[in-house]
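Undergrad: show me the folded form of this:
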Amino acid sequence: QFNNTVKLEPLDRVSLSSSKIAKFVLIDRSNFEVQVEYYPELQEIFKTIETRRYDPITRKWSFNLKDYNNLVNKIN
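TA: Numbers count the residues shown, from 1 in each chain. This next block holds a predicted model:
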């Protein structure tokens, strides 16, 4: 029988400046979220990603895993 478990681990951290770091966390097999303090320029980048979702309660952005490389490249 196939064991259908997923081990969730942090993805890369991306440095935004000397004092701000974005933490990328895998939340399931096909989605990740970005944990970072409010940063207006970053919010504008997030809005360019088609699969973006924002949770106003947790104040976290999440995206489809297929957009991971694209988002990291835009931030860098």
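Undergrad: use CA for all of it now, contacts and neighbours both
TA: Fine.
Undergrad: ok, the lengthiest strand in the chain: who's next to it in the sheet?
TA: Longest strand of the chain, by residue count under DSSP state E: strand 21-28. If you go by DSSP bridges, strand 21-28 pairs up with strand 10-15 (antiparallel), strand 31-35 (antiparallel).
Undergrad: and the closest residue to residue 66 other than its chain neighbours, how close does it get to residue 44?
TA: Excluding the flanking residues, the one nearest residue 66 by Cα to Cα, 6 or more residues apart in numbering is residue 30, at 7.7 Å. Residue 30 is 23 Å from residue 44, where distance means Cα to Cα, to the nearest Å.
Undergrad: residue 53 too?
TA: For residue 53, the distance to residue 44 - Cα to Cα - is 13 Å.
Undergrad: ok, residue 37 next?
TA: Distance of residue 37 to residue 44, computed by Cα to Cα: 14 Å.
Undergrad: could you list the low-confidence segments of the protein?
TA: For the chain, applying pLDDT under 70 flags the ranges 1-20.
Undergrad: ok, residue 53 and residue 44, which is more surrounded?
TA: Neighbours were counted for residue 53 and for residue 44 using other Cα atoms under 10 Å; residue 53 has more, 15 against 10.
Undergrad: so what pairs up with that one in the strands?
TA: Beta-bridge partners, per DSSP bridges, of residue 53: residue 62.
Undergrad: dump the residue contacts of it.
TA: Listed by Cα atoms under 8 Å, 6 or more residues apart in numbering, the contact set of residue 53 reads 61-63.
Undergrad: same thing but at 10 Å, please
TA: 33, 46-47, 60-64 (Cα atoms under 10 Å, 6 or more residues apart in numbering).
Undergrad: out of those, which is nearest to residue 75?
TA: residue 46 (9.2 Å; Cα to Cα).
Undergrad: distance of the closest residue to that closest one other than its chain neighbours from residue 38?
TA: Leaving out its chain neighbours, the residue that sits closest to residue 46 by Cα to Cα, 6+ apart is residue 52, at 6.7 Å. Distance from residue 52 to residue 38, counting by Cα to Cα: 16 Å.
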